[in-house]
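*Asks:* Based on what follows, work out the 3D shape:
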Amino acid sequence: MNPGSLPLTQRLSRREFNRKTAGLAGAAAAFSIVPAHVRGGPGHTAPGDKLTIAGIGVGGMGFSNLRSLESEAIVALCDVDLEYAAETIAHLPDATVYTDYREMLENQEDLDGVVIATPDHTHAVISLAAMRAGKHVFCQKPLTHDVYESRLLAQVARETGVVTQMGIQGHSSDGVRAICEWIWAGLIGEVREVDAWCSLSYYPWGHAGWSSEWSERPSDTPAVPEGLDWDLWIGPAPMRPYHRAYHPLTWRCWWDFGSGMMGDRGAHTLDPVVWALGLDAPTSIDATSCGNTPEVHPLSAIVTYEFPARGDLPPVTVRWYEGTRPPRPKELEDGRRMPDEGGALIKGSEGTLMCGVYGDSPRIIPEEKMRTAELPEPSLPRVEGSHEMEWVRACKRGEPAGADFAYSGPLTEICQLGNVAQRADTRILWDAASLRVTNLPEAQQYVRYPAREGWQLPELGEVP
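*Replies:* Numbering: from 1, shown residues only. Sure, this is the predicted structure:
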């Protein structure tokens, strides 16, 4: 079967879905990669059962990820901006340093896995290269920059059998697991409606040194800073001159590089919603945006997803608010605040569940209903330690990690479909099997962004 014709996730019964996504012991991957230190990789000196790991994109969030992995053997660091990555390089002086991930993958035969924390637009090409090289992959959220890339990475992860994980730390938390357990136990009844939000905005675009012109592109062309390989930073995106408005840190607001709040916070906040409700592909997505341009993400937006029934579960409407927040729920007591930066209101026929950005601090509201609820016994395994170490243990055991690409690929598709609708600024109808917007042909260009010459990705089903 052509992988492009597969549904967003395998059609599972509710029981099968819960068992699959819970990541229970015994759910083995197709095959496991034998650690390089067992294979006797050249130059490898890692003691005991440590994984040999490389960081790719280590100047920002990548440094935080690597700090959580210091019990393992971090043998290589790769970043296109050696000045920005200088603190990480100094912190790990024994690691071999590279600028080009392709050179690193070719030379570091001792690698077991890689941690990718580059800007969104390079996630797919790097993850694909690493998986094809037989490396386990931990990739920061959102998994990819567009819908097509998410489908492709999920396919390649399935075919190669490497252990994968997307960096949504809430997925490994007790809070997200409690949300699933409470909903599956029927504590809030039948769920047909969800409001999720992030009240933050990227404005001003480009952040520090902002210019009003930057809702388009900066017109000045400063010199590329020493130590930065701008051609590698641009990667598959259309070439443009370097500017501080893009790098470092400020790339998220630009359509060519980032995925906006939908990919930044949506990947976190929609995670417990998708997991607990067993959501598959939406059939329609409707967006209304404020301040959206061909260059930058909007100042604010409301995106409405319609999800069909799943077995004995009813259809669900999910509304995503960014740069704003949903109406205050009537169940919330006077004087009690909604989570400041964002969260979710999961509305059932017998109650509403409220949580924070990462699925944290879940409560049934009003609080009186929470106090009298008969909470179920925990049924999902709790994760010991960090989200990164959950991936390490899965690599060593040859088991799927909790937020593997089989799960996080479809989750990212949902987020990126919100961006497709935002760019179209209207309602789109979605055929997941064919990866097609069926009612608005001009929106199809946002499902799969064109890649610069030399950076193109293969077609589905054509990955060697």
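*Asks:* Go ahead and confirm Gly170 touches Cys355.
*Replies:* No. Contact criterion CB atoms under 8 Å: Gly170 and Cys355 do not qualify, at 9.2 Å. C-beta here means a position set from N, CA and C on the backbone, and glycine is covered the same way.
*Asks:* Between the two, which contacts overlap?
*Replies:* Shared contacts of Gly170 and Cys355 (CB atoms under 8 Å, 6 or more residues apart in numbering): Pro272.
*Asks:* Could you check which of those two has the larger neighbour count?
*Replies:* Between Gly170 and Cys355, counted using other CB atoms under 10 Å, Cys355 has the larger neighbour count: 25 against 22.
*Asks:* and the more buried one, which of the three is it?
*Replies:* strand (DSSP: H, G, I helix; E, B strand; the rest coil).
*Asks:* Can you tell me the closest non-neighbouring residue to it?
*Replies:* Pro362 (4.2 Å; CB to CB, 6 or more residues apart in numbering).
*Asks:* what's that neighbour in contact with, if anything?
*Replies:* Taking CB under 8 Å, 6+ apart, one finds Gly175, Ala178, Ile179, Trp182, Leu353, Met354, Cys355 in contact with Pro362.
*Asks:* Tell me the bridge partners for the fifth one.
*Replies:* Yep, that's Leu353 we're talking about. Beta bridges link Leu353 to Ile346, Ile364, judged by DSSP bridges.
*Asks:* Run through the residues that contact it.
*Replies:* Leu353 neighbours (CB under 8 Å, 6+ apart): Ile179, Trp182, Ile183, Leu187, Ile188, Ala344, Leu345, Ile346, Pro362, Arg363, Ile364, Ile365.
*Asks:* Test my guess that the last one contacts Gly348.
*Replies:* If I follow you right, that is Ile365. No. The criterion here is CB under 8 Å, and Ile365 misses it with Gly348 at 11.2 Å.
*Asks:* where does the stretch 301-450 of the chain dip in pLDDT?
*Replies:* For the stretch 301-450 of the chain, not a single residue meets the criterion pLDDT under 70.
*Asks:* and Arg319, helix, strand or coil?
*Replies:* Using three-state DSSP, the secondary structure recorded for Arg319 is strand.
*Asks:* Could you verify my assumption that it touches Asp195?
*Replies:* Yes. Using CB under 8 Å, Arg319 is in contact with Asp195, at 5.1 Å.
*Asks:* Run a quick check on Ala124 versus His145, I expect a contact.
*Replies:* Yes. Shown here, Ala124 and His145 form a contact pair, counting by CB under 8 Å, at 6.6 Å.
*Asks:* Kindly list the longest helix within this structure.
*Replies:* In terms of residue count, the longest helix belonging to the chain (DSSP state H) is helix 405-424.
*Asks:* May I have it exported as CSV, CA atoms only?
*Replies:* Provided in CSV are the C-alpha atoms of helix 405-424 (Å, rounded to 0.1, in the frame of the first residue of the first chain):
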residue,chain,number,x,y,z
PHE,A,405,7.0,9.8,15.5
ALA,A,406,4.1,7.4,15.1
TYR,A,407,2.3,9.6,17.7
SER,A,408,4.0,13.0,17.3
GLY,A,409,3.8,12.9,13.5
PRO,A,410,0.0,12.9,13.4
LEU,A,411,0.0,15.4,16.3
THR,A,412,2.2,17.7,14.3
GLU,A,413,0.0,17.3,11.2
ILE,A,414,-2.9,18.6,13.2
CYS,A,415,-0.9,21.7,14.4
GLN,A,416,0.4,22.4,10.9
LEU,A,417,-3.1,22.1,9.4
GLY,A,418,-4.0,25.0,11.7
ASN,A,419,-1.2,27.0,10.0
VAL,A,420,-2.5,26.0,6.6
ALA,A,421,-5.9,27.4,7.6
GLN,A,422,-4.3,30.5,9.1
ARG,A,423,-2.4,31.2,5.9
ALA,A,424,-5.6,30.8,3.9
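*Asks:* any idea how far Lys50 lies from Gln108?
*Replies:* 15 Å (CB to CB, to the nearest Å).
*Asks:* So those two - more neighbours on which side?
*Replies:* Neighbour totals were compared for Lys50 and Gln108, and Gln108 leads with 23 against 18 (other CB under 10 Å).
*Asks:* what angle separates the helix or strand where Gln155 lies from helix 405-424?
*Replies:* Assigned by DSSP states H and E, Gln155 belongs to helix 147-160. Relative orientation of helix 147-160 versus helix 405-424 (axes from the mean of the first three to the mean of the last three CA atoms, to 10 degrees): 170 degrees.
*Asks:* So which elements touch helix 147-160?
*Replies:* helix 123-132, helix 405-424 (3 or more CB pairs under 8 Å, 6 or more residues apart in numbering; DSSP states H and E).
*Asks:* same for the first one, what does it pack against?
*Replies:* Applying 3+ CB pairs under 8 Å, 6+ apart, one finds that helix 123-132 makes contact with helix 101-107, strand 113-116, strand 136-140, helix 147-160.
*Asks:* So for it, mean pLDDT?
*Replies:* Over the span of helix 123-132, the pLDDT mean works out to 98.
*Asks:* Just the buried positions in it, please.
*Replies:* His123, Ala124, Val125, Ile126, Ser127, Leu128, Ala129, Ala130, Met131, Arg132 (16 or more other CB atoms under 10 Å).
*Asks:* Over to stretch 429-446?
*Replies:* Buried, per 16+ other CB under 10 Å, within stretch 429-446: Leu429, Trp430, Ala432, Leu435, Val437, Ala443, Tyr446.
*Asks:* In strands only, show me those.
*Replies:* Leu429, Trp430, Val437 (DSSP state E).
*Asks:* in the sheet, who's paired with the first one?
*Replies:* This points to Leu429. Bridge pairing for Leu429 (DSSP bridges) gives the partners Ser284.
*Asks:* any idea how far Gly356 is from Asp425?
*Replies:* 29 Å.
*Asks:* ok, Asp229 touching Cys78?
*Replies:* No. Here Asp229 does not reach Cys78: they are 11.0 Å apart, not a contact under CB under 8 Å.
*Asks:* Would you mark the buried spots in stretch 390-400?
*Replies:* Glu390, Trp391, Val392, Ala394, Cys395, Lys396, Glu399, Pro400.
*Asks:* hang on, the earlier thing: orientation of the helix holding Gln155 relative to helix 123-132 in degrees?
*Replies:* Going by the same axes, to 10 degrees, helix 147-160 makes 10 degrees with helix 123-132.
*Asks:* now Cys253, nearest residue through space, not along the chain?
*Replies:* Nearest non-adjacent residue to Cys253 (CB to CB, 6+ apart): Tyr202, at 3.8 Å.
*Asks:* same deal with Met166?
*Replies:* Ser408 (3.5 Å).
*Asks:* show me the contacts for the one you found.
*Replies:* Applying CB under 8 Å, 6+ apart, the residues near Ser408 are Lys141, Leu143, Thr164, Gln165, Met166, Ile168, Ala267.
*Asks:* Distance of the third one relative to Ile364?
*Replies:* Applying CB to CB, one obtains 33 Å for the distance of Thr164 from Ile364.
*Asks:* ditto for Tyr203
*Replies:* Counting by CB to CB, the gap from Tyr203 to Ile364 is 34 Å.
*Asks:* Tell me which of the two has more neighbours.
*Replies:* Comparing Tyr203 with Ile364 by other CB under 10 Å, the one with more neighbours is Ile364, at 23 against 17.
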